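> Got a sequence here, can you model it:
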Amino acid sequence: MPGVVKKDQHIQIDLRTVGFGKERLDLRPTPANIKYAEDLRKEILAKIELGSFALADYFPDSPRVKNDAPSMTFGELFDEWLEVKGPELQHSTRDHYAQTLESYHFDALRQKRVNNFAYRDLKKLLGALPKNAKTFNNVASPFRMALEYGFRAKILKEALHDEIVSRKNPKPQPDPFKLDEAEHLLSKFKSDVARDYYEFAMFSGLRPSEQITLQWSRVDLRSGKVLVDQALTRGQVKGTKTGTAREVELTSRAMAVLERQRTRSQLQGQHVFLNEEGLPLTSTDSPLDSWWKPAMKLSGIRQRDARQTRHTFATVCLMAGITPAWAARQLGHSVEMFFRVYSRWIDGADKGAEHRKLDAYLSGATGSENGTKTGTEPSK
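I've put the predicted structure just below:
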């Protein structure tokens with residue numbers, strides 16, 4: 001039969017007419033084995049026509065398997081996607097994606113070939129992911145992007161990525177400290193080093209990842225400003241969360257902290273904030289565990305995490321009558337995001353001033369109108 005070739009002591013199935021090559025069967029060319037090879041070729045041709053053929057299913061040792069997309073495993077797809085996507089990503093983001101795709105959630109999938117994965121398989125996998133919306137989204141997001149890459153690269157036949165929908169994850173609302181609470185909490189830190197670290201956080205508005213890597217070369221004490229252009233995330237220094245640098249005007253409280261820090265760290269090296277041993281902080285966990293949590297327990301104040309220092313700065317700005325646009329610039333937010341996050345405090349910060357302005361305007365306008373009606377009749 002055409003397509004089945006006797007070759008010395010084995011058989012070859014010729015698939016060149018359908019875009020493949022000659023593939024070896026380690027069978028002696030006996031009549032029975034020739035018949036088996038003919039039937040196998042018919043089966044393969046049928047699968048090729050249906051679009052469900054993967055070379056590795058029939059000839060796993062073929063040198064052509066590596067170039068056959070349907071023979072690719074999901075582990076290989078993940079690696080290829082990370083290699084292609086990597087240059088576009090921050091180091092920490094790429095690490096997060098890689099760790100997620102290497103996690104136990106995808107253990108059963110990584111060795112599975114992409115041509116053996118369909119809608120039902122996807123739904124079963126998604127159903128086994130964590131129910132918490134934030135955790136689900138963190139796990140599913142890189143998987144969805146890898147599937148989309150596979151579909152656009154014509155490795156996957158179906159647009160399965162469209163079936164992965166992010167779950168709504170209502171973000172926790174800001175829970176800032178009132179000014180008197182902040183002062184009370186600061187009094188409970190056991191060392192000046194710890195207290196100054198969190199006093200600066202309360203009254204500068206920097207993100208913890210930005211503060212921990214702040215360097216003296218970015219500080220201008222004469223103008224009272226610092227340049228915020230980097231952050232420490234997952235042990236790597238990178239750009240800020242928004243990817244843009246900003247200049248922060250320091251409050252008098254933040255300035256006072258930096259003046260005290262000069263004797264502690266300016267001659268020690270680059271970093272403004274050091275630990276109790278005079279060494280640079282290597283993660284935001286260290287001050288959180290060593291300084292923040294013990295002070296919170298001693299304070300008797302309702303427990304909150306250290307991220308509220310930034311929210312505290314934002315709301316203190318509003319209660320002091322600062323314009324939202326200025327506060328947003330300090331924090332590195334867009335004005336739209338600032339309004340969305342802090343609208344409740346913006347609404348209450350004017351203490352009725354805007355309402356009084358409107359009433360005054362309406363009263364004046366009404367008085368003029370009444371004067372026209374009841375005053376001296378205009379001359380004709």
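
> Doesn't Gly86 lie inside a helix?
Yes. Applying DSSP: H, G, I helix; E, B strand; the rest coil, one finds Gly86 inside a helix.

> Which residues are in contact with it?
Arg94 (CB atoms under 8 Å, 6 or more residues apart in numbering). Backbone N, C-alpha and C define where each C-beta goes, glycine included.

> That one and Thr93, how far apart?
10 Å (CB to CB, to the nearest Å).

> Would you confirm that Leu15 contacts Ala37?
No. If you go by CB atoms under 8 Å, Leu15 and Ala37 don't touch, sitting 11.8 Å apart.

> Strands of the stretch 151-300 of the chain, start to end?
For the stretch 151-300 of the chain, applying DSSP state E, counting those that start in this stretch gives strands covering 219-220, 225-228, 231-233, 236-238, 246-249.

> Under a three-state scheme, what state does Ile13 occupy?
Assignment for Ile13 (three-state DSSP): strand.

> And for the one 4 residues further on?
The local conformation at Thr17, judged by three-state DSSP, is helix.

> pLDDT below threshold where in the protein?
Applying pLDDT under 70 to the chain picks out residues 1, 68-71, 347-359, 361, 365-380.

> Highest mean neighbour count out of the strands of the stretch 151-300 of the chain?
Highest mean neighbour count among the strands of the stretch 151-300 of the chain (mean count of other CB atoms under 10 Å): strand 231-233, with a mean of 22.

> Can you tell me the strand partners of that strand and which way each runs?
Within its sheet, strand 231-233 is paired with strand 236-238 (antiparallel), according to DSSP bridges.

> Now tabulate the strands of the stretch 151-300 of the chain in a markdown table and tack on distance to Leu27.
Below are the strands of the stretch 151-300 of the chain laid out as a markdown table (distance: least, CB to CB, whole Å):
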| stretch | distance to Leu27 |
| --- | --- |
| strand 219-220 | 77 |
| strand 225-228 | 70 |
| strand 231-233 | 57 |
| strand 236-238 | 55 |
| strand 246-249 | 71 |
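
> closest to Val65 out of those?
strand 236-238 (36.7 Å; CB to CB).

> quick one: contacts of that closest one?
90-92, 213, 230-232.

> For Glu247, state which of those residues is nearest.
Gln230 (13.7 Å).

> What's the separation between the closest one and Leu206?
Distance from Gln230 to Leu206, by CB to CB: 11 Å.

> next one: Ala118
49 Å.

> Neighbour count for the two, which is higher?
Using other CB atoms under 10 Å as the criterion, Ala118 and Leu206 rank with Leu206 on top: 26 against 11.

> would you turn the contacts of strand 236-238 into JSON lines with distance to Ile164?
Listed next are these as JSON lines, based on distance: CB to CB, whole Å:
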{"residue": "Gln90", "distance to Ile164": "23"}
{"residue": "His91", "distance to Ile164": "25"}
{"residue": "Ser92", "distance to Ile164": "23"}
{"residue": "Thr213", "distance to Ile164": "35"}
{"residue": "Gln230", "distance to Ile164": "33"}
{"residue": "Ala231", "distance to Ile164": "29"}
{"residue": "Leu232", "distance to Ile164": "31"}
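
> Just the buried residues of the residues you listed.
90, 92, 213, 230-232 (16 or more other CB atoms under 10 Å).

> quick one: which two of the residues you listed are the most distant?
For these, with distances taken as CB to CB, the pair at the greatest spread is Gln90 and Thr213 (14.2 Å).

> what's the neighbour count on the closest residue in space to Phe151 that isn't next to it in sequence?
Excluding its sequence neighbours, the residue lying closest to Phe151 (CB to CB, 6 or more residues apart in numbering) is Ala159, at 5.0 Å. A total of 12 residues lie near Ala159 under the criterion other CB under 10 Å.

> surely Ala159 meets Gly150?
No. The pair Ala159 and Gly150 does not pass the contact test of CB under 8 Å, sitting 9.8 Å apart.

> hmm, back to that, and the residue nearest to Phe151, backbone torsions?
Dihedral pair for Ala159: phi -80, psi 60, per degrees, to the nearest 10.

> any idea how far Ala295 is from Gln99?
Applying CB to CB to Gln99 and Ala295 gives a distance of 32 Å.

> more crowded one of these two?
Using other CB under 10 Å as the criterion, Gln99 and Ala295 rank with Ala295 on top: 20 against 11.

> What distance do you get for the more buried one to Arg262?
24 Å.

> Ignoring the adjacent residues along the chain, who's closest to Pro294?
Lys190 (6.9 Å).

> Who are the contact partners of the one you found?
For Lys190, the contacting residues are 291, 294-295, by CB under 8 Å, 6+ apart.
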